[in-house]
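[1] only geometry, no sequence info:
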């Protein structure tokens, strides 16, 4: 299951929807300034469940911006998020959407000084993230 999730994240990050026949290897998805972090820093149980890269904590924001720009060239649209998290969607040719999230994090048990390492974790959102929401059930009449 963990390998399947990593493969899905690799396929989603790798290329535009029309060119997903040959997904990139994890090494090909590492942008300049990032280091492949297969263990995701052994934080939050992400090892084996997400594709992660690391960089000095001071530069993780700029690296996140670079990944957002790179993902946009691959057809991903930033569609939401919150502090330290971006949710992306990409429309499927046959209808519906794929979903992907990017999460920035670091080891909060260590000082956040110059030697600190930050991480970006990427993982697919299962299902069709553009599927219509179920209709609200009418309120019971009293």
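    Yes, it's here. Quantities reported herein were computed from a predicted structural model and do not represent experimental measurements.

[2] In the chain, which residue is most central in space?
    When C-alpha atoms, centre = their mean is applied to the chain, the residue found nearest the centroid is residue 122 (2.6 Å).

[3] separation between residue 45 and residue 39?
    Distance of residue 45 to residue 39, computed by C-beta to C-beta, to the nearest Å: 11 Å. From N, CA and C alone the C-beta is placed, and that goes for glycine too.

[4] out of those two, which sits in the busier spot?
    Neighbour count, other C-beta atoms under 10 Å: between residue 45 and residue 39, residue 39 has more, with 13 against 9.

[5] what's near enough to touch that one?
    47, 52 (C-beta atoms under 8 Å, 6 or more residues apart in numbering).

[6] ok, it to residue 83 distance?
    Residue 39 is 24 Å from residue 83, by C-beta to C-beta.

[7] any residues in contact with both of residue 45 and residue 39?
    Contacts common to residue 45 and residue 39, judged by C-beta under 8 Å, 6+ apart, are absent.

[8] Perfect, that will be all.
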